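1. sequence plus the predicted model coming up.
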Amino acid sequence: MTVRRSAAALATTAVLLGVAAPMAVAAPSPSPSADLPAGLYGTTDPTYDGVWRQSLAFLAQKIEYVTPSTQAVDWLVGQQCDSGAFPSYRADTSKPCDASTVMDTNATAIAVQALVEINQRREDANNGADWLKSVQNEDGGWGYNPGSPSDANSTSIVIGALARTGVPVNELTTENGSTPYTALQSLAIACGKKDGGAFAYQPGKKGELTANMDATAASVLGLMGKGIASGTSNAVKDPSCTKGDDLSPEQTAQNGAFFLADTLKKQPYLEQPPMPGAEDSAPQPDYGNTADAVVALAASGHADKAKSSVAWLEKNATGWAKQGGPAATGQLILAAHATGADARSFGGVDLVKQLNSMGPSPVATALPSPTPTGPQPSSGTDSDDSGLSLGWLIGIGLLVGAGIGFLLSMRRKKQQP
């Protein structure tokens, strides 16, 4: 799932399956939903995923030309510590962060990506990127919390954040010469071996690498230097697995895409690993991981290999998205957009409207869904705090000139890949 093996993933699983979720790190006690701040998306306890789901909502809204409310943006920035880091959630932002505040590289990275994409509060995004650079591990990667062992998911999402803020990731070298790409490539399973092309989350106790679908989807994006809202690559190609010990990051990313495409060719969805103590239970579909794999395939030039998975998500995942809240709904929106599906008529559900209803009313909403080959989110190189980029202004002008009748007729049209 996109929540990157965090405590948020465990908490979400607990909500959906009715089981107790173990804590990955020390965290404050969950606060009742009645105490939730007005600017936050979602109604469930935000202790483990408040910053994550808010940021993912912004990323999904941006790619569908929705401007989040000022209240929602202020809430997200209010979670940031003076150091630039974000915890998973801070219930009391009137108190400064201290040694007891658990910093979260994943929350920081996705918040940075979100602020860059919506083109607001760029200075805060840059501060977050600076903090991420300051906690890089010696092997070139990042763990879920500062100082914890590097993992594929955390390293990948941090790469996306740094790349979106203009940091040359390949030049971010540690004292021993390692880069973030070095850390990710060390977790890749060589082609020709069992599960060749896949990535492990972390090495096992003996250094063994075990294929992990979530880590593989994340690593494909990371090795291409792309963020979560990456859209579609125009360079369509057949996936292949390249052997060798001196592969480029792009080649290793393509190997991961090959593994994902080959896996989804057998059945159009990925499966959840069994819960501890329930190894004999029947495998369950993993909607979130499937959506992530779709985005990774589209971003690496293989959107055609993800079409059956998108069709499966349209048929089966809308209920999961509604129950899972803003993060799950955002994942489906990103998967739909990346493959040319209509997020406003996805399996009969208007996912954009559903997401917008889960938080404060947006400042602006464009009705027709943009195509994956059309205008994409801004590069984030500007620091205009108004939130209205040139693409937005052009889009608004086109909408006004087109007329209400045209908007209504177009609202339900399917977008072509």
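-> Cool, got the structure. Treat the numbers as computed from the prediction; the structure is a model and nothing was measured.
2. contacts, neighbours, all on C-alpha from now
-> Noted.
3. secondary structure class for Thr263?
-> In three-state terms, and counting by DSSP: H, G, I helix; E, B strand; the rest coil, Thr263 is helix.
4. need the pLDDT of it.
-> On pLDDT, Thr263 comes in at 97.
5. the closest residue to it other than its chain neighbours: what's it in contact with?
-> Among residues not flanking Thr263 along the chain, Leu270 sits closest, at 7.9 Å (Cα to Cα, 6 or more residues apart in numbering). Going by Cα atoms under 8 Å, 6 or more residues apart in numbering, Leu270 touches 213, 263-264, 285-287, 289-290.
6. burial measure for the closest residue to Thr101 other than its chain neighbours, as a count.
-> Sequence neighbours aside, Pro87 is the residue nearest to Thr101 in space, at 7.1 Å (criterion: Cα to Cα, 6+ apart). By the criterion of other Cα atoms under 10 Å, Pro87 has 25 neighbours.
7. count of neighbours near Ser134?
-> By other Cα under 10 Å, 10 other residues sit near Ser134.
8. separation between it and Leu162?
-> 12 Å (Cα to Cα, to the nearest Å).
9. could you list the buried residues of stretch 130-149?
-> Across stretch 130-149, burial judged by 16 or more other Cα atoms under 10 Å covers 130-133, 135-146.
10. start and end of it, how far apart?
-> 20 Å.
11. and the residue nearest to Thr101, what are its bridge partners?
-> Pro87 forms beta bridges with Met103, as assigned by DSSP bridges.
12. surely Ser48 meets Pro87?
-> Let me fix one detail, which is that residue 48 is Tyr and not Ser. No - Tyr48 lies out of contact with Pro87 (Cα atoms under 8 Å); the separation is 9.0 Å.
13. okay, helices next: where are they in the stretch 101-250 of the chain?
-> Secondary structure of the stretch 101-250 of the chain (DSSP state H, counting those that start in this stretch): helices located at 105-117, 122-134, 152-164, 180-185, 213-223, 249-266.
14. just send those back as a markdown table, with distance to Asp82 too.
-> Putting the helices of the stretch 101-250 of the chain into a markdown table (distance: least, Cα to Cα, whole Å) gives the following:
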| stretch | distance to Asp82 |
| --- | --- |
| helix 105-117 | 12 |
| helix 122-134 | 9 |
| helix 152-164 | 18 |
| helix 180-185 | 25 |
| helix 213-223 | 27 |
| helix 249-266 | 34 |
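15. and the residue nearest to Thr101, how far from Gly42?
-> 18 Å.
16. same thing with Gly207?
-> Counting by Cα to Cα - Gly207 and Gly42 are separated by 39 Å.
17. between these two, who's got more neighbours?
-> Gly42 (22 against 9).
18. can you check the pLDDT for the more buried one?
-> 97.
19. check whether it really touches Gly324, as I assumed.
-> No - in this structure Gly42 lies outside contact range of Gly324 using Cα under 8 Å: 9.2 Å.
20. can you pull the pLDDT of the most centrally placed residue in the chain?
-> Centre of the chain computed as the mean C-alpha position; nearest residue by Cα atoms, centre = their mean is Ile228, 4.1 Å away. Model confidence at Ile228, given as pLDDT, is 92.
21. phi, psi of it?
-> Backbone geometry at Ile228, expressed as degrees, to the nearest 10, gives phi -60, psi -40.
22. residues of stretch 224-239 that come out buried?
-> Those would be 224-233, 239, for stretch 224-239 by 16+ other Cα under 10 Å.
23. per-residue pLDDT of the residue nearest to Thr263, please?
-> On the pLDDT scale, Leu270 gets 97.
24. ok, now the one 10 residues further on?
-> The model reports Asp280 with a pLDDT of 65.
25. likewise Ser233?
-> 72.
26. now do the one 4 residues further on
-> Model confidence at Lys237, expressed as pLDDT, equals 71.
27. one more: the one 4 residues further on?
-> Note for Cys241: predicted pLDDT of 95.
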